[in-house]
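*Asks:* A predicted structure for the sequence below; I have some questions about it.
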Amino acid sequence: MAKKKSTADSVVAELKAQVKKYEKTIDKLEARLEKRKIDVKKYQALADSYKSEAGKYKDKAKKAARKAAEDAKRFAAKVENTADDIEDAVEDAAEKAGARVASAARDARGAVTRATGGSAKSAPAAAKAPAKKTAKKSTAKKAPAKKPAKKATAKKAAPATSGATAPTSSTPSASWTVTQLRAEARTRGIAGYSRKSKAQLLTELA
């Protein structure tokens, strides 16, 4: 039993180490995103400074201001693309971490159950027995209400089939996912699309 408990402890320790590792990865990605935002502000400030000098240098200053604005727009587009990549990487890292946490938790529970001699298995079996009896009673009471339930499901079936073809439409609608809406916004060149909500994206793309 001591070996089984030590195995469970090692699994928990490994799980904690993996969680810390992914937390560090997420912190690094967030730091990169903040750095990109600071760079965008610098280019915007540079564009503003060129605009303020336009009155002194006239045509030369105007050309320089236009060039700085174009550079700032191109850089902002790159930053938005980088932000999307970072967000995707953070989501992937979180999903992988969650899957590993769940798997390690199951292994730990299995190790603890084996270490306790399987006594934890008999308890859930005993707990499930009265649940079956109550389920039979509840189904017996709900027997007369079967006809109204069929009518309700028949009414709900029509809108479900009509909305199934919505995602295939070329016009953005509420049936589109946020990822699809962001991809459409990127294609149309809408600025700041990665920070907009689904409702805001639908308004912009309408």
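*Replies:* Alright, I've got the coordinates.

*Asks:* which stretches of the chain form helices?
*Replies:* Under the criterion DSSP state H, helices of the chain are mapped to 2-52, 54-115, 119-142, 146-163, 178-188, 198-205.

*Asks:* closest to Thr171 out of the ones you listed?
*Replies:* Nearest to Thr171 among the helices of the chain is helix 198-205 (8.6 Å), distances taken as C-beta to C-beta. C-beta: built from backbone N, CA, C; applies to glycine.

*Asks:* about what we covered before: out of the helices of the chain, the one nearest Ser170 is which?
*Replies:* Minimum separation from Ser170 across the helices of the chain (C-beta to C-beta) falls at helix 178-188, 9.5 Å.

*Asks:* any idea of the mean pLDDT for that closest one?
*Replies:* The average pLDDT for helix 178-188 rounds to 93.

*Asks:* could you give the angle of that helix to helix 54-115?
*Replies:* Put simply, helix 178-188 runs at 160 degrees to helix 54-115, going by axes from the mean of the first three to the mean of the last three C-alpha atoms, to 10 degrees.

*Asks:* buried stuff in helix 178-188?
*Replies:* By neighbour count, with 16 or more other C-beta atoms under 10 Å as the criterion, the buried positions of helix 178-188 are Leu181, Arg182, Glu184, Ala185.
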